[in-house]
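In: curious how this folds, go ahead:
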Amino acid sequence: MSAVSSRFSAYEKLVIGILIFLQFTLALDFMVMAPLGAIIMPAFDIMPHEFSLLIASYAFAACVSSVFVSGYADRYERKRFLLFIYSGFLVGTFLCAFANTYPVLLAARTFTGLFGGVIASIVPTLTTDLFPAEKRGQVIGLTQVSFGIAQIMGLPVALACANRWGWHSPFVLVVAIGIAGTAVIATRFEPITAHLGLQKPESHFQSFAKLFRVPKNRWGFLGSFVVTLGAYLLMPFTSAYNVHNLNMSLADLPIFYAVTGLSIIVLFPLIGKLTDRIGRFPIFAAGAFFASAVVLFYTHTTEAGLARLCLTNIGVFSGFFAMIIPFQSLLTDLPSPESRGGFMAVGASIQQLGGGVSVFLSGLIVSKDAEGRLLHFPNLGTLLVCVVFASFLVCRQIALRAGEPSKP
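Out: Okay, here's the model as predicted:
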């Protein structure tokens, strides 16, 4: 890759900043639910499977809405479409802030997911629209830094707000940040219309069905499901496992998330550059092997100090995002330009379905004893490794169809 191709223009940097912002607010809104479980479960007197449904409901709603939008995503100018969808996401998050019962919160999370899932498809669509293939690994790696920012700045602040003003307050924080970012998008982001001239008159069903008639698209959708299925299995109960099983102090949770977030900011852009330089499938394969090893170690750990838990969590995140970043880059090569928005919408829908199934499944596997300790956690680790191996086999097929060598 030449030195010129790796440079970003001033506007490209602005776009990357907007993409990071979108991912940050989505990540913070979604990720904050897991640590809030320690407050929400006793507040509503609910069991682990009921709490996992709060997280899964967002994903299932996102799945449904993304399927619906897939037939229309390429028929509208991207900027207006983004502003409309993002406004709906902020309204849903605002409703969460005023939920006072479990059913109301469940309904609010479902409403938020209807819009959040569509935004998750818009981000890779914009990446593909605005950046050439040789830059996409870097861009995806940079946008994933949003997860690190969410862990360093977002989660500790959100948890501090929750401890001071109640678990509702983090959602108010997300809305406030989102309104400020919306103003930047409205005033600085340029309209995107190039895809509009490529559209053919057809119904929503025809647009949707056409996506599945292309074999390489079907492999991409299958990969989206299995990769996401593995990525979310541990997520809902990591904090509870650390606190109740491994004796981490609640006061150490902000440190735990901040250290992991700092590592993400450093490592993820590096993963993106290595993806462009070495190849997407080789990086994916390395990430799959590393993630499996660290997960097996973590889920079978019976005691650990804060430093070891931080290093382990860094390893888990690094392994999975060494899979996710090259996988997302591979997906951008599969659809034709006129169906890109629809493909990304369906892909996001299937990712949300995989995440929802994963979270709900983990809630069925894990239970807790009278003292609050989580049971059957090692079973999640074993299942996760099996899913990662399946994703490796599927990604090898996707790499072949994307024109990339399949041997790591």
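
In: contact partners for the nearest residue to Gln144 once chain neighbours are set aside?
Out: Excluding its sequence neighbours, the residue lying closest to Gln144 (C-beta to C-beta, 6 or more residues apart in numbering) is Phe268, at 4.6 Å. Using the backbone N, CA and C atoms, a C-beta is placed for each residue, glycine as well. By C-beta atoms under 8 Å, 6 or more residues apart in numbering, the residues touching Phe268 are Gly141, Leu142, Gln144, Val145, Phe147, Gly148, Phe321, Ile325.

In: out of those, flag the one nearest to Met41.
Out: The shortest approach to Met41 among the contacts of Phe268 belongs to Phe147, at 24.0 Å (C-beta to C-beta).

In: that older thread, export the contacts of Phe268 as CSV, with columns for secondary structure.
Out: Formatted as CSV, the contacts of Phe268 follow (DSSP: H, G, I helix; E, B strand; the rest coil):
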residue, secondary structure
Gly141, helix
Leu142, helix
Gln144, coil
Val145, helix
Phe147, helix
Gly148, helix
Phe321, helix
Ile325, helix
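
In: tell me the pLDDT at the residue nearest to Gln144?
Out: Note for Phe268: predicted pLDDT of 76.

In: which strand or helix spans it?
Out: Using DSSP states H and E, Phe268 sits in helix 253-278.

In: beyond that helix, next helix or strand please.
Out: Note on helix 253-278: by DSSP H and E, the next helix or strand toward the C-terminus is helix 280-299.

In: report the buried residues of that following helix.
Out: By 16 or more other C-beta atoms under 10 Å, the buried positions in helix 280-299 come out as 280-292, 294-295, 298-299.

In: now the angle from the helix holding Phe268 to helix 280-299?
Out: Interaxial angle, helix 253-278 versus helix 280-299 (axes from the mean of the first three to the mean of the last three C-alpha atoms, to 10 degrees): 150 degrees.

In: what strand or helix carries Phe8?
Out: For Phe8, there is no enclosing helix or strand under DSSP H and E.

In: tally of neighbours for Val174?
Out: By other C-beta atoms under 10 Å, 25 other residues sit near Val174.

In: residues in contact with it?
Out: Neighbouring residues of Val174 by C-beta under 8 Å, 6+ apart: Thr25, Leu28, Asp29, Val32, Leu90, Thr93.

In: so how far is Leu106 from the third one?
Out: Applying C-beta to C-beta, to the nearest Å, the value for Asp29 to Leu106 is 15 Å.

In: these two: which is more packed in?
Out: Asp29 (29 against 18).

In: ok, now which ones touch the more buried one?
Out: Residues near Asp29 by C-beta under 8 Å, 6+ apart: Phe89, Thr93, Thr112, Gly116, Phe171, Val174.

In: one step back: which one of the contacts of Val174 has the most neighbours?
Out: When neighbours are counted by other C-beta under 10 Å, Asp29 leads the contacts of Val174 with 29 neighbours.

In: buried stuff in the helix or strand containing that one?
Out: Using DSSP H and E, Asp29 sits in helix 10-31. Under the neighbour-count criterion of 16+ other C-beta under 10 Å, helix 10-31 has 15-16, 18-31 buried.

In: what is the nearest of the residues you listed to Ser52?
Out: Top of the list for closeness to Ser52, among the buried residues of helix 10-31 and by C-beta to C-beta, is Phe30 at 13.3 Å.

In: you'd agree the closest one is up against Ile119?
Out: No: shown here, Phe30 and Ile119 do not form a contact pair, counting by C-beta atoms under 8 Å, at 11.0 Å.

In: now the common contact residues for the two.
Out: Among the neighbours of Phe30, none is also in contact with Ile119 (C-beta under 8 Å, 6+ apart).

In: which residue is the nearest non-sequential neighbour of Thr216?
Out: One correction, residue 216 is Lys, not Thr. Nearest non-adjacent residue to Lys216, counting by C-beta to C-beta, 6+ apart: Arg401, 4.0 Å away.

In: pull the contacting residues for that neighbour.
Out: When contacts are counted by C-beta under 8 Å, 6+ apart, Arg401 touches Pro215, Lys216, Trp219, Leu334.

In: those in helices, which ones?
Out: Of the positions in the contacts of Arg401, Pro215, Lys216, Trp219 sit in helices, assigned by DSSP state H.

In: who wins on neighbours among those residues?
Out: Counting neighbours by other C-beta under 10 Å, Trp219 comes out on top of these with 22 neighbours.

In: and the gap between that residue and Val172?
Out: As defined by C-beta to C-beta, Trp219 lies at a distance of 42 Å from Val172.

In: my guess is Ala160 meets Pro254, correct?
Out: Yes: applying C-beta under 8 Å as the test, Ala160 and Pro254 come out as touching, 7.2 Å apart.

In: which one's more surrounded, these two?
Out: Pro254 (19 against 13).

In: regarding the residue lying closest to the more buried one once chain neighbours are set aside, what is its secondary structure?
Out: Spatial nearest neighbour of Pro254, excluding adjacent residues (C-beta to C-beta, 6+ apart): Pro156 at 3.8 Å. When classified by three-state DSSP, Pro156 comes out as helix.

In: next, count neighbours for Pro156.
Out: Neighbours of Pro156 (other C-beta under 10 Å): 19.

In: quick one: mean pLDDT over the longest helix belonging to the chain.
Out: Ranked by residue count under DSSP H, the longest helix found in the chain is helix 102-130. Across helix 102-130, pLDDT averages out at 86.

In: still on that earlier bit, I'd like the contacts of Asp29 written out as a markdown table, with distance to Gln351 added.
Out: Formatted as a markdown table, the contacts of Asp29 follow (distance: C-beta to C-beta, whole Å):
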| residue | distance to Gln351 |
| --- | --- |
| Phe89 | 16 |
| Thr93 | 20 |
| Thr112 | 16 |
| Gly116 | 12 |
| Phe171 | 23 |
| Val174 | 21 |
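
In: from the residues you listed, which two are the most distant?
Out: Spatial extent of those (C-beta to C-beta) is set by the pair Gly116 and Phe171 at 12.6 Å.
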